[in-house]
Each structure stands twice: as structure tokens, then as C-alpha cells.
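# Based on what follows, work out the 3D shape:
(2 chains)
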Amino acid sequence: MNLIQDEKIEFEKVYDELSNLLYRLSLSHVKNSQDAEDIVHDVFAKYIEVRKTFKDDEHRRAWFVRVTVNKCHDFLRKKSHRDHLSLDDISEISQNENLNLPRVFNLVSSLSEKYKTVMVLHYLEGYGVKEISSMLYISVSAVKMRLSRGRDMLKDKMEKEEENV
Amino acid sequence: MFDDKSIKEYQNIKVSDDLKKRVMETYENKSYKKSNISFYRYASLIAACFVIVFSSAYLMLFSTSVSVNGTKVSKNYLTVQNNVMGTFSQRNIDAFGDALPIELKAIFETTISVNNGEFSVSDKKTGELLYIGNKYSFKGDVIVKWNVENKDSMSEMKVSNVFYDEIFEVKYDAENNNWGIKKDK
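Below you'll find the predicted structure:
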């Protein structure tokens, strides 16, 4: 009985630690709070289902981030099939559905799928290049390259915004 | 890249409390089902292990049974009248004359050998004579009639199968015209 209780406490701890990160990450992709919450729910449901064991917290976090990003892509892929649009088009359109999100979030979210995740994880969530590379199964140099291009794209967007103002 | 204020604003984006309730409900439901499945899985695994262990032990200990006149031979002497009819047919006894009839049941290939005299082996069901000599391998139900040559000395019959060897001691009591047989170890 204690074991079951301990497991539940441990699970709740994992949820409290990661749910906000995963939610923000999902939101940056799907740009709709309800869809983002559904994705986070599905990620935790998968975690319960597979009962995966991890080497340490970093390993577990990497698994959660990877599964979340994959679920976001699946979600957007289904949506794009339904609406006959590309993933990035879907991303652009969805942006209008969300309200009252910080400007910085909207800016990063507006980047294409390839750059968005690394930008969110590095500049907004504060993870290092090495950890992001293990989270996303891509090389350190690929992370650096995406960060560099993402930064350039973001600067362009910011300049355009200022011009419009 | 971004100032602290922007990052703080970003980090204020939080998931709703409702989601935690939903996730915890999912946890409760799935864990309950999983623990039940795990319990039944482990219980059946343990039961299967017990069956395997007990049947193996049974096979190992009782794979070959040796009895005389319907009584299993144990560590105590079993006395039997010479030329006893018992469960054996007259034909079997007559075939070898003055001898000790022993019934053997073997699940696995079993070899019997004696250190004194010879024995005949007959199929229990058909009565067919299968062998005459002092060492024989078989499987199934047979009747061995052991013709002990030197009745004054202690004689031994060895029964071996894949799991163990057993020695049976046989002595003849001339005064009462009977045989005594017991398991040595």
C-alpha cells in the first residue's frame, strides 16, 4: 500500500516539475491552450502507460520534451491533413486563436517548427545547448546552428514589428 | 536575447489546475488497472513455477517405482513368500521357476542390474518375455523375476535413471522359504 502511495507522490512530483515546461512548449507549437493541455495530458498518459525508468532527472526531462514535441508534430500533421495546409501554415493560422500571451512568446512561437523548439528551450526555459541536443536527438552543432538562424529570424521579425509601429 | 521581464512574463504562463486533476485521474485509473494486471500476471507466474517445481520433484523422486506383490519397496524389509503368485500370472512365474518377482514402473529410461544371478523381464500387460540376463534398460511397466544364484549371500539390484541410482538389497530366508527386499538408500 505504501509503495503505491509512494509511486503516486513521485508521479505528482514529476508532474509539478514538468507540466508548466511541457505546456508552454506545446502552446508554442499548437497555440491553443486547450489543445496544448490535451497534449500534456497525453504525454503524461504515455508516461503512466510505459512506466519508463530513467537514469536521472535530466534523462527523464529529455524523454518528456521529446515526446511532447513529437505529439505536437503529430497534432499539427493531423490538422494540416485535415485542412490541406503545411505545418508552418497551420502554425501561422493558429496564432490568431490565442489571446493575452506575452509578446516574447508570440515572437518565438511564430518561428518555423525547426527553430521554435530550440529557441524556446534555450532562451525562454534556460536549458544548455548540450542538454537540448540530448532532448531532441540532434547534434550540438545542429542546436547551435538552429539557435543562430533562429536569432536572425527573430531579429528580422522584431525589426519588422518596430517598423510597423 | 530577451530581458528578464519578458522571460518572467513567459514563465508566468502556467497550466490550469484542471489539467492536474485530469492527469491524476488518468494516473489512478491506469495504475489501478496496471496493478491488477501485474498482480494476476505475477500470481499466475508463481503458480506456474510451483507446478513446475512440484512436478519436477515428483518426477525426480518417483520416476521409477519398485514394488513386490503390489507393495512398494521401502527402507524396511518387505517379506514375500518364494514363488508368490500375487499380481503376477502363473505363466510369468513358471517361465523362470524359483525366483523373486518384482514389478517396476518407469516413466523415464531406466536400467536395472544385479550382482548375483540373472533375471527375466516380461511385459506386464502382455506377459511377453523381453529379456534374460543381468542388465537391462527399459521404460514402462515390466515384471522382473530375479533368480538369485547364491541365496546365502546378500544380493543387490541397482535401479538407475536420469535422476538417481537406487540399490535394493535382497536376502533369502531358507527356513521360511521367503524373500526379504528393502531399499538401501
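
# could you pull out the strands for chain B?
B:64-68, B:71-72, B:78-81, B:100-114, B:118-123, B:129-133, B:135-147, B:155-160, B:165-173, B:178-183 (DSSP state E).

# I would like the residues contacting the fifth one, please.
It refers to strand B:118-123. B:92, B:95-96, B:99, B:112, B:128-134, B:136, B:138, B:140-147, B:149, B:157 (C-beta atoms under 8 Å, 6 or more residues apart in numbering or on different chains). In short, each C-beta sits where N, CA and C put it, glycine included.

# again, 7 Å this time
Outside strand B:118-123, the residues that touch it by C-beta atoms under 7 Å, 6 or more residues apart in numbering or on different chains are B:92, B:95-96, B:128-134, B:136, B:138, B:142-147.

# can you check the third one too?
Contacts of strand B:78-81 with the rest of the structure, by C-beta under 7 Å, 6+ apart, involve B:V68, B:N69, B:T71, B:N177, B:N178, B:W179, B:G180, B:I181, B:K182.

# can I get these in a markdown table with distance to chain A?
Shown next, in a markdown table, are the contacts of strand B:78-81 (distance: C-beta to the nearest C-beta, whole Å):
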| residue | distance to chain A |
| --- | --- |
| B:V68 | 57 |
| B:N69 | 59 |
| B:T71 | 54 |
| B:N177 | 72 |
| B:N178 | 66 |
| B:W179 | 64 |
| B:G180 | 61 |
| B:I181 | 58 |
| B:K182 | 55 |
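
# Mind checking which of those are buried?
Restricting the contacts of strand B:78-81 to buried positions leaves B:V68, B:N69, B:N178, B:W179, B:G180, B:I181, B:K182, with burial counted as 16 or more other C-beta atoms under 10 Å in any protein chain shown.

# Quick check: the two most widely separated of these?
Greatest spatial distance among those (C-beta to C-beta): B:N69 and B:K182, at 14.3 Å.

# which parts of chain B sit against chain A?
B:1-2, B:6-7, B:9-10, B:13-16, B:19-20, B:22-23, B:26-27, B:30-31, B:35 (C-beta under 7 Å from any C-beta of the partner chain).

# Mark which of the residues you listed are buried, thanks.
B:2, B:6-7, B:9-10, B:13, B:15, B:19-20, B:22-23, B:26-27, B:30-31.

# Any figure for the gap between the closest residue in space to B:A174 that isn't next to it in sequence and chain A?
Leaving out its chain neighbours, the residue that sits closest to B:A174 by C-beta to C-beta, 6 or more residues apart in numbering or on different chains is B:K151, at 6.8 Å. Counting by C-beta to the nearest C-beta, to the nearest Å, the separation of B:K151 from chain A is 70 Å.

# Surely B:K151 is in contact with B:V170?
No - with contact defined as C-beta atoms under 7 Å, B:K151 does not reach B:V170; the gap is 9.4 Å.

# more neighbours, these two?
B:V170 (24 against 17; other C-beta atoms under 10 Å in any protein chain shown).

# what sits against that one?
Per C-beta under 7 Å, 6+ apart, neighbours of B:V170: B:L100, B:W146, B:V148, B:S155, B:M157, B:W179, B:I181.

# Swap in 10 Å and give it another go.
Counting by C-beta atoms under 10 Å, 6 or more residues apart in numbering or on different chains, B:V170 touches B:68, B:73, B:77, B:100, B:102, B:114-117, B:146, B:148, B:151, B:154-157, B:179-182.
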